[in-house]
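K.L.:
build the 3D model from these lines:
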Amino acid sequence: MRVLVLTQVLVYPADAGPKIKTLQVLRHLATHHQVVYCTFIRSIKEIPYVEELGGIACCCRVSTVPIERSRASDIRFLLESLVTGDSFLLRRDDCNVMRSIVSQLLYEELIDVLHVDQLNMMRFVPAGWSGTVILDEHNAVWQVVERLRKGTRNPISRWFLGREARLIRKLEGTACQRSQVVLAVSEQDKQALQEVAGESVSIKVVPITVDVKSFDAIWGARNPHLIDY
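P.N.:
As a prediction, the model looks like this:
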C-alpha cells in the first residue's frame, strides 16, 4: 500500500522522545509499504536533515512546509481562538499551505492510508477523503492539558487551561471518530481516549519501541555490591 505520514515536527535527527517513536514507525512502515512523508519544519537549519531523511527512513518522497512560531503569532492565534471558539493549542499550527500540500500528495501519490501523527495534524485530513485514516496519539492531549490546569494556581492560567481542556476533549473525540483506527501508547491513554471518543471507536495500544541494535551491550558488574572507579 501507499502510506502518507503527517508529522508536526521533522523526526530526524531523533533527539527527542516523540521523534524517536515516529522515526521507528516510519522505518517499520517502509519495510512493508511505500511511504510518503510530509512534515512541518521550524528552521532552515533542518533542511540538510530533510535531504538525509529519505534514505534513513526509506521514504519514497519527503515534503516539508515551513512554519514559524513567535510571540506575535501566538497573540494573533490566541485572539482568533477566543473569537472563533477554537483551541489555541491546535489553532496555532493551522496552515493553509499544509492543507494544500496534503491534498496534492493524496492525489499525486495515489495514497491508500493516511497515518496522522498526533492530534494537531488531523486538521489537514481533507473532509471529503474516503481513504483509511490512522490517528497515532502520543498522548491523550485533553488529559495533558487537564493535568496542567490542576497544577497551576494562577487563576487566569487555570481558566484558560480549563477552556483548552474542554475544547480539546471535544476536538479529540471527533478526531478519533473520524479515524478508522486510533493508536495509543498505553492502556491509560487508551482509556482516556475512549472516554472522549466513545466505545464504538477502535483504539489499539502500540507501546513505544526503540532500535536495540543501535545500543552497545552493558554487562553486569562482577560484584553488584561494589562500585568500580
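
K.L.:
which helix or strand in this protein has the lowest average pLDDT?
P.N.:
helix 47-56 (a mean of 81; mean pLDDT, DSSP states H and E).

K.L.:
in the biggest helix by length in the chain, what counts as buried?
P.N.:
Ranked by residue count, the top helix of the chain under DSSP state H comes out as helix 155-178. By 16 or more other Cβ atoms under 10 Å, the buried positions in helix 155-178 come out as 160-165, 167-169, 171-173, 175-176, 178. (Each C-beta comes from the backbone N, C-alpha and C, glycine too.)

K.L.:
and the helices in this structure?
P.N.:
17-30, 47-56, 71-84, 88-91, 96-108, 141-151, 155-178, 187-197.

K.L.:
ok and the second one relative to helix 17-30, angle-wise?
P.N.:
What that stands for is helix 47-56. 40 degrees (axes from the mean of the first three to the mean of the last three Cα atoms, to 10 degrees).

K.L.:
now do the last one
P.N.:
Relative orientation of helix 187-197 and helix 17-30, computed by the same axes, to 10 degrees: 90 degrees.

K.L.:
CA-only coordinates of helix 187-197 in PDB, if you can.
P.N.:
Taking C-alpha atoms only, helix 187-197 is exported to PDB below (Å, rounded to 0.1, in the frame of the first residue of the first chain):
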ATOM      1  CA  GLU A 187      -3.700   1.300  28.400                       C
ATOM      2  CA  GLN A 188      -4.200   4.500  30.400                       C
ATOM      3  CA  ASP A 189      -4.100   6.600  27.300                       C
ATOM      4  CA  LYS A 190      -6.500   4.300  25.600                       C
ATOM      5  CA  GLN A 191      -9.000   4.600  28.400                       C
ATOM      6  CA  ALA A 192      -8.700   8.400  28.300                       C
ATOM      7  CA  LEU A 193      -9.200   8.500  24.500                       C
ATOM      8  CA  GLN A 194     -12.100   6.000  24.700                       C
ATOM      9  CA  GLU A 195     -13.700   8.400  27.300                       C
ATOM     10  CA  VAL A 196     -14.000  11.200  24.700                       C
ATOM     11  CA  ALA A 197     -14.400   9.100  21.500                       C
END
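
K.L.:
what residues are up against Met122?
P.N.:
Val116, Leu135, Ala175, Arg178, Ser179 (Cβ atoms under 8 Å, 6 or more residues apart in numbering).

K.L.:
quick check, pLDDT for the third one.
P.N.:
Spelled out, that is Ala175. What the model reports as pLDDT for Ala175 is 97.

K.L.:
grab the nearest non-local neighbour of it.
P.N.:
Excluding its sequence neighbours, the residue lying closest to Ala175 (Cβ to Cβ, 6 or more residues apart in numbering) is Met122, at 4.3 Å.

K.L.:
could you do the fourth one as well?
P.N.:
Take Arg178 and drop its neighbours on the chain: the residue closest to it by Cβ to Cβ, 6+ apart is Val133, 6.3 Å away.

K.L.:
elements contacting the longest strand belonging to the chain?
P.N.:
As assigned by DSSP state E, the longest strand anywhere in the chain is strand 34-41. Strand 34-41 sits against strand 2-7, helix 17-30, helix 47-56, strand 61-66, helix 96-108, with contacts defined as 3 or more Cβ pairs under 8 Å, 6 or more residues apart in numbering; DSSP states H and E.
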